[in-house]
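Chemist: the sequence isn't on hand, but the structure is:
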């Protein structure tokens, strides 16, 4: 593959797919429809509920035109707490007591509101979300019901995230606002190269996966995003896209060869380490993926 061929391919992968303005307009309509469904519900209209998009559409890193949009529906009236980094505090010391209103009840009432608004055939309940699929819409919505999660600091303040309670399985926390804000900051500091390289890495991974490369299997979009996030800004901004990607892959390859650097890497949220035992990926699998990408692109 020549440098010109690489540059042409990467330029295509770096772009947002299709008509991004039209896509964003349809997503906004989806959010407004869900907000309206909540407002029309006698059970939910008086509660503090925040509706927002999350994931690749919000961060402008989607690589397919009509992938599902994830819509966060967060109940702020109740919350979970975490004192791992503020052990002098507790629910008792802060006067926090168990809420009478529960996440399962919220989820059931949200389902009823969605069914009332969109019809039972259009709403499917999954383990941790509701899928809204309507034939006249190009983009389906995954509605994720959650409650606020508070991770307390040593000074008594807290980071605000979300807790999702699936119908079966353990609850889990996420940090959509931190992810979005840190992505925006990284993109700005790299002259908008961060989003471009995230789209490139996702597209490259999707393509090699479709071609049967085992190294691309199990490599999530989130992992690719986080590896680009942990790449120094100056490397992402190096020359043309082909040159910048070469520097990025070279850096990642070197850093992933041992635990010394990569064990310190954080997720984009900067709330968790990227490589830890609860994740479905490992440093070794990430290294295998980077080596396969390097070889396929025929970098020297």
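Modeler: Yep, that arrived. Being a predicted model, the structure only gives us computed values, none of them experimental.

Chemist: paired strands for the helix or strand where residue 74 lies, with orientation please.
Modeler: In the assignment (DSSP states H and E), residue 74 maps to strand 69-82. Using DSSP bridges, strand 69-82 pairs in its sheet with strand 49-54 (antiparallel), strand 141-152 (parallel).

Chemist: now residue 27: how far from residue 15?
Modeler: 18 Å (CB to CB, to the nearest Å). Glycine gets a C-beta too; all of them are placed from N, C-alpha and C.

Chemist: which one of those two has more residues nearby?
Modeler: Each of residue 27 and residue 15 has its neighbours counted (other CB atoms under 10 Å); residue 27 has more, 17 against 13.

Chemist: what sits against the more buried one?
Modeler: 53, 57, 69, 139 (CB atoms under 8 Å, 6 or more residues apart in numbering).

Chemist: wait, isn't the last one in contact with residue 70?
Modeler: No. Using CB atoms under 8 Å, residue 139 is not in contact with residue 70, being 10.9 Å away.

Chemist: by residue count, what's the longest helix in the protein?
Modeler: helix 20-39 (DSSP state H).

Chemist: so how far is it from its chain's centroid?
Modeler: In terms of CA atoms, centre = their mean, to the nearest Å, the centre of helix 20-39 is found 19 Å from the chain centre.

Chemist: for stretch 144-164, same thing?
Modeler: 17 Å.

Chemist: got the contact list for it?
Modeler: So stretch 144-164 is contacted by 54, 70-76, 78-86, 88-89, 94, 103, 106-107, 110, 128-130, 165, 171-178, 269, 271 (CB under 8 Å, 6+ apart).

Chemist: backbone phi and psi for residue 209, please?
Modeler: phi -60, psi -40 (degrees, to the nearest 10).

Chemist: give me the element residue 58 is part of.
Modeler: helix 56-59.

Chemist: now the contacts of stretch 144-164: which count as buried?
Modeler: 54, 70-75, 78-81, 83, 86, 89, 103, 106-107, 110, 128-130, 165, 173-178, 269, 271 (16 or more other CB atoms under 10 Å).

Chemist: highest neighbour count among the contacts of residue 27?
Modeler: Going by other CB under 10 Å, residue 69 tops the contacts of residue 27 with 24 neighbours.

Chemist: contacts only, for that residue.
Modeler: 27, 30, 53, 55, 57, 139, 140, 141, 142.
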